[in-house]
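> Here's my sequence, what's the structure:
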Amino acid sequence: MKATKVNLTPASCALDMGDGSERGLYVNQDYLLQKMRKVHRGISLMYTYYPHDKEWPQRVSVALPENKAGGAWNFPYEDYFPYQGGKNGDRNAEPFCYMKDIRQHGMDVVLTMTIDPHLEDEYLIEVAKDLRSYGRLLLRVNHECTGSWFCFNKRATYQELADFFVRFANIIHEYAPNVKIILCAGMFQKETGKVEMEDIFLEAHKVADIWSGDQYLSLHWGWPNDIAEKENLAITHACYDVDEVYEKAKGTLMRLREITGQDKPFVLSELNGDGDVTGAWEQANMMRHFMERLEQDDEKWLSAFTMYQFRDDGRLGCEVTDPNNPEVGIEQPLLGAYRKEAHKDFFSTKAVAAGEIELPAKLRWGGAEDAEGIEIPLHFESNPCFCEAYFKDELKDMNLVLELGGYWFYKKPGVPFVDMMSYFFENPLSGKADMKLHLYCPPKDGMNHPESGDPDTTNGDWMTNDYTVLPALPEIRIRCFGEEPSVLKRY
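Alright, predicted model coming up:
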């Protein structure tokens, strides 16, 4: 085998996946990868940080169970899981254990945090320091801030929230330059020709690294306290026209460019249809239509969107939580429809040839959209019955992700082989074929370390890049139908 070097480059529109919130538990990345057959650009986690509250650091619905009857936001702070870092925090607790899991599997962390807007700088600086070891992390702070339902809206005016975002963004830029901060504020209003509260949040839009909005195609916001029936329409749930939602999101970006004089990535940080409102089949159809419009739009205006979410306690997920066991998911039609769209070239990263390479090779991992890897050519005489990669000696203890035909596979440290036959189960070959296997080296423990940065750079680049030496190539075992069988056939 003659390996060559490749560079991993971004998709036309990146895909992130929501994994856990007030509506569902975190699902490990091994399970998610097996269901999706591909890595996402990022995995979105949702946490809350109110360290001065007397109930802290308990999840507030656990601390105040009597408040549940009043709805999801009838608490002193948001009912997300508590962020356990920050001042006097524990960097081995949540969400850091999950952040490591995400990055080991070759994806970036997209962290949403609802934060007490009156926190002192010393608390915010410690949060920034927490995030320095997690590469190109995306941080969304006090999302949907032009609304009225979140607890931080009840503690501060809109101007105070805007000023807080600017203050925290400046701290992030100083103490964690690897982190990009996302402002998720109002959307474009056709009636006024403006973005909601654009004057109040103008400076926040200017200081943000990424602009964002949350937009559902249908949503039952009254869940779980009522059922989405006609008599509750517009009171507890709604369904929107997909094309109108599309134009509203696109109009938001165009207006933000106009009022700021800037051009920044725009993302939809929460997007989905709610099966509680439409039923599961129409939920899948709505998402399919939205993704097809993105693919057909020549302007390529959307940088990424987050499918919210993978497993949901209601019907706002690719899986529904089994009410008998929260560790079990019930697959919905949305999962298959979304997965089919997600595997299209438009939503997929590309491996671009970068010349010859000699082993051992030092490979850079910058993130899910920017990494150096190895390409190994594979030849198949016919459809295979075995296609495996074996990792011996030094390779066995490495942390690797592999891609074949658009399907992604993970090799955990200590695991000696990867079975890639799941690709061929769904995509059998009809004859001879040549394929390319790509291999990348995400951080072994999910973190970047100062000593792993490039010593040739002036200050070291460890916060954004991690380097791993690949000593050799794996051994590839391919056996095809029609070759001499290894066992006697008896039927």
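> which residues does residue 332 contact?
By Cβ atoms under 8 Å, 6 or more residues apart in numbering, the residues touching residue 332 are 275, 280, 283-284, 315, 317-320. The way it works is simple: take the backbone N, C-alpha and C, and place the C-beta from them, glycine included.
> and it, how far is that from residue 339?
11 Å (Cβ to Cβ, to the nearest Å).
> do the same with residue 250
According to Cβ to Cβ, residue 250 stands 25 Å off from residue 339.
> With neighbour numbers in mind, choose between these two.
residue 250 (18 against 14; other Cβ atoms under 10 Å).
> That one sits in which helix or strand?
Using DSSP states H and E, residue 250 sits in helix 242-260.
> just residue 422 next, same as before
Assigned by DSSP H and E, residue 422 falls in helix 421-426.
> Now do that helix: which elements does it pack against?
Secondary-structure packing of helix 421-426 (3 or more Cβ pairs under 8 Å, 6 or more residues apart in numbering; DSSP states H and E): strand 384-390.
> Relative to the whole chain's centre, how far out is the strand it packs on?
The chain centre lies 30 Å from the centre of strand 384-390; the measure is Cα atoms, centre = their mean, to the nearest Å.
> now for the helix or strand following it, which elements pack on it?
As assigned by DSSP H and E, the chain's next helix or strand after strand 384-390 is strand 400-404. Helices and strands touching strand 400-404, as assessed by 3+ Cβ pairs under 8 Å, 6+ apart, comprise strand 407-411, strand 433-440.
> Parallel or antiparallel, which strands does strand 400-404 pair with?
According to DSSP bridges, strand 400-404 forms sheet pairs with strand 407-411 (antiparallel), strand 433-440 (antiparallel).
> want to try a markdown table for the ones you listed, with distance to residue 223 as columns?
Formatted as a markdown table, the strands paired with strand 400-404 follow (distance: least, Cβ to Cβ, whole Å):
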| stretch | distance to residue 223 |
| --- | --- |
| strand 407-411 | 32 |
| strand 433-440 | 39 |
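> Can you tell me which of the ones you listed is nearest to residue 474?
In terms of Cβ to Cβ, the element of the strands paired with strand 400-404 nearest to residue 474 is strand 433-440, at 7.6 Å.
> and the closest one, what's its mean pLDDT?
Mean pLDDT, strand 433-440: 98.
> relative orientation of that strand and strand 384-390 in degrees?
Computed by axes from the mean of the first three to the mean of the last three Cα atoms, to 10 degrees, the angle separating strand 433-440 from strand 384-390 equals 30 degrees.
> What are the buried residues along strand 433-440?
Going by neighbour count (16 or more other Cβ atoms under 10 Å), the buried part of strand 433-440 is 435, 437-440.
> nearest to residue 410, of those residues?
Once Cβ to Cβ is applied, the member of these that ends up nearest residue 410 is residue 440, at 10.6 Å.
> which residues does the closest one contact?
8, 106, 363, 365, 371-374, 400-403.
> Check whether the nearest residue to it once chain neighbours are set aside sits in a helix, strand or coil.
Leaving out its chain neighbours, the residue that sits closest to residue 440 by Cβ to Cβ, 6 or more residues apart in numbering is residue 373, at 4.2 Å. Three-state call for residue 373 (DSSP: H, G, I helix; E, B strand; the rest coil): strand.
> just the strands in the stretch 201-350 of the chain please.
Here the stretch 201-350 of the chain has its strands, by DSSP state E, counting those that start in this stretch, at 210-216, 218-220, 237-239, 266-272, 304-307, 311-312, 319-322, 325-331, 350-356.
> Please work out which of the ones you listed is packed deepest.
Here the criterion is mean neighbour count by mean count of other Cβ atoms under 10 Å, and of the strands of the stretch 201-350 of the chain the winner is strand 311-312, at a mean of 28.
> Report the rounded mean pLDDT for it.
Strand 311-312 carries an average pLDDT of 98.
> In its sheet, which strands sit next to that strand, and in what direction?
The pairing partners recorded for strand 311-312 under DSSP bridges are strand 319-322 (parallel).
> and the partner strand, how far from the chain's centre?
19 Å.
> which of the residues in the strand or helix carrying residue 99 are buried?
Element membership for residue 99 (DSSP H and E) is helix 96-104. Within helix 96-104, the residues that count as buried by 16+ other Cβ under 10 Å are 96, 98-104.
> after it, next one along is what?
As assigned by DSSP H and E, the chain's next helix or strand after helix 96-104 is strand 108-115.
> Just the angle for that following strand relative to helix 96-104, thanks.
Between strand 108-115 and helix 96-104, the angle comes out at 150 degrees (the same axes, to 10 degrees).
> just the angle between strand 108-115 and strand 266-272, please?
If you take the same axes, to 10 degrees, strand 108-115 sits at 80 degrees to strand 266-272.
> quick one: strands adjacent to strand 108-115?
Here strand 108-115 has these sheet partners by DSSP bridges: strand 42-49 (parallel), strand 138-141 (parallel).
> Any chance of those in CSV with distance to residue 164 and mean neighbour count as columns?
Formatted as CSV, the strands paired with strand 108-115 follow (distance: least, Cβ to Cβ, whole Å; neighbours: other Cβ atoms under 10 Å):
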stretch, distance to residue 164, mean neighbour count
strand 42-49, 12, 26
strand 138-141, 8, 26
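> now the ones you listed as CSV including distance to residue 206 and mean pLDDT?
Below are the strands paired with strand 108-115 laid out as CSV (distance: least, Cβ to Cβ, whole Å; pLDDT from 0 to 100):
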stretch, distance to residue 206, mean pLDDT
strand 42-49, 24, 98
strand 138-141, 15, 98
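> And those strands: which comes nearest residue 305?
Going by Cβ to Cβ, the one of these nearest residue 305 is strand 42-49, 10.4 Å.
> Show me what secondary structure element comes after the closest one.
helix 60-63.
> Would you mind identifying the next helix or strand past that next one?
strand 81-82.
> Partner strands of that next one, with direction?
Partners of strand 81-82 in its sheet, by DSSP bridges: strand 42-49 (parallel).
> send the alpha carbons of the partner strand over as PDB?
C-alpha atoms of strand 42-49 as PDB (Å, rounded to 0.1, in the frame of the first residue of the first chain):
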ATOM      1  CA  GLY A  42     -19.800  19.200  16.300                       C
ATOM      2  CA  ILE A  43     -21.900  17.800  19.100                       C
ATOM      3  CA  SER A  44     -24.000  20.400  21.000                       C
ATOM      4  CA  LEU A  45     -24.200  20.200  24.800                       C
ATOM      5  CA  MET A  46     -26.400  22.400  26.900                       C
ATOM      6  CA  TYR A  47     -25.500  23.500  30.500                       C
ATOM      7  CA  THR A  48     -26.300  26.200  33.000                       C
ATOM      8  CA  TYR A  49     -24.100  28.200  35.400                       C
END
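> elements contacting the helix holding residue 99?
The helices and strands touching helix 96-104, judged by 3+ Cβ pairs under 8 Å, 6+ apart, are helix 29-36, strand 42-49, strand 108-115.
> Relative to residue 87, which of those is closest?
Here strand 42-49 is closest among the helices and strands packed on helix 96-104 (Cβ to Cβ), at 10.1 Å.
> Distance from the chain centre to that closest one, please.
That offset, for strand 42-49, works out to 9 Å (Cα atoms, centre = their mean).
> so it versus helix 29-36, what angle?
With the same axes, to 10 degrees defining the directions, strand 42-49 sits at 140 degrees from helix 29-36.
> contact partners of stretch 338-354?
For stretch 338-354, the surrounding residues in contact (Cβ under 8 Å, 6+ apart) are 4-15, 35-38, 41, 284, 287-288, 291-292, 294-295, 307, 318, 368-369, 372-373, 375, 403, 406, 436, 438.
> which of those residues are buried?
For the contacts of stretch 338-354, a neighbour count by 16+ other Cβ under 10 Å gives the buried set as 5-8, 10-15, 35-38, 41, 284, 287-288, 291, 294, 307, 318, 368-369, 372-373, 375, 403, 438.
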